[in-house]
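> Fold the following, please.
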Amino acid sequence: MRALVTGGGGFLGGALARRLRERGDDVRVFGRREYPEFEVLGIDCAVGDLTDADAVLAACEDRDVVFHAGAKVGLWGDYDDFHAVNVTGTRHVLRACQEQGIAKLVFTGSPSVVFTGGDVEGVNEGAPYPERYDSFYSATKAEAERMVLAADHDKLSTVSLRPHLIWGPGDRHLLPRVVAKARAGRLYRIGESNKLVDATYVDDAVEAHLLAAVQLSPLSEISGKAYFLSGGDPRPVWEIVDRMLGAAGLPPVKKSVPESAARAAAAACEASWRLLRLDSEPPLTRFLVSQLTTAHWFDIGAAIRELGWRPRVRLEEGMERLAQWIRAARPFD
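The predicted structure is shown next:
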């Protein structure tokens, strides 16, 4: 394949780019800076921003497949910033694919596009988009996914993959945040609940993207569809957190606060950050409290049947790999 990976500097995008290059594919990453570590591997780096239509168009030149993994993620921020990257940026990618004659687009979606604020347990792709969202990230990812799936036609085949909670070696987003809060003594269990959640090991997420790209065509079963991805083994949320901490050599979380107190504190933090117009992320948000106190796991049967994919790395094996990587790379020193 002659592949473009947007968001190549991110966790999934970087892992995907490296895997493509290992296969012998011609790979280009699109990000906001150059990545010498990729250039050493023979991966081309196109510098630009998803909000720049001309830069996106240039990056798509001579490609036959685009993996659109670039996005603005986070629990906090201005709606306009999320919309500019996740919606307008995706519109630029779609337009570039059409103008450059690219036949395949694999979009990295999010299970949060079906989150309603309550428990989401074992739902499949038939779950509807809710009327309202409790995070700008979820709302803009849903709008982007709808555009991607609506763009599927005989000249451009599209698919959306929805991996939940990607983790593993190389994680510079979720794991560092958890470790930093634990080291600072600011990581608390919330309430008495310990709901089941899904997680997706990064290598499994990468494999699903590759399978989707190979299969995509105007006549393929997966064209124009969305698929949930996960390890297929939901665990209590605090088990996952404690195992990540254990991989980093830290003790499990013992301290807890009542859920009502956490929600009140989150609302107060958000109000203060808005009043003071702070650019940083509040230490607690209502969306984060909801994520830690509700179940969210999904039926991945469609991905298994139609993509020919299945998760290979169980939680225990993945945690061993994570611990080995932390000992070798020492990312928190």
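
> contacting residues around residue 233?
198, 311, 314, 315 (C-beta atoms under 8 Å, 6 or more residues apart in numbering). In this view, the C-beta of every residue, glycine as well, is placed from N, C-alpha and C.

> try it again with 10 Å
196, 198, 199, 297, 311, 314, 315, 316 (C-beta atoms under 10 Å, 6 or more residues apart in numbering).

> How about residue 217?
103, 104, 154, 157, 223.

> hmm, 7 Å instead?
157, 223 (C-beta atoms under 7 Å, 6 or more residues apart in numbering).

> Helix, strand, or coil at it?
Following DSSP: H, G, I helix; E, B strand; the rest coil, the label given to residue 217 is coil.

> Pass me the low-pLDDT residue ranges in this protein, would you?
Scanning the chain for pLDDT under 70 picks out nothing.

> Just the CA coordinates for stretch 230-239, please, in PDB.
Only the C-alpha atoms of stretch 230-239 are listed here, as PDB (Å, rounded to 0.1, in the frame of the first residue of the first chain):
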ATOM      1  CA  SER A 230     -11.900  -4.000  22.100                       C
ATOM      2  CA  GLY A 231     -10.200  -6.900  23.800                       C
ATOM      3  CA  GLY A 232     -13.500  -8.600  24.200                       C
ATOM      4  CA  ASP A 233     -12.900  -9.100  27.900                       C
ATOM      5  CA  PRO A 234     -14.500  -6.400  29.900                       C
ATOM      6  CA  ARG A 235     -12.900  -5.900  33.400                       C
ATOM      7  CA  PRO A 236     -13.700  -3.700  36.400                       C
ATOM      8  CA  VAL A 237     -12.300  -0.300  35.700                       C
ATOM      9  CA  TRP A 238     -10.200  -0.100  38.800                       C
ATOM     10  CA  GLU A 239      -8.700  -3.500  38.000                       C
END
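
> Show me the helices in the stretch 1-150 of the chain, by range?
11-23, 36-39, 53-59, 79-82, 89-100, 136-150 (DSSP state H, counting those that start in this stretch).

> Give me the phi and psi angles of residue 161.
Backbone geometry at residue 161, expressed as degrees, to the nearest 10, gives phi -110, psi 130.

> one step back: what would the helices of the stretch 1-150 of the chain look like in TSV with mean neighbour count?
Shown next, in TSV, are the helices of the stretch 1-150 of the chain (neighbours: other C-beta atoms under 10 Å):
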stretch	mean neighbour count
helix 11-23	21
helix 36-39	14
helix 53-59	19
helix 79-82	14
helix 89-100	21
helix 136-150	21
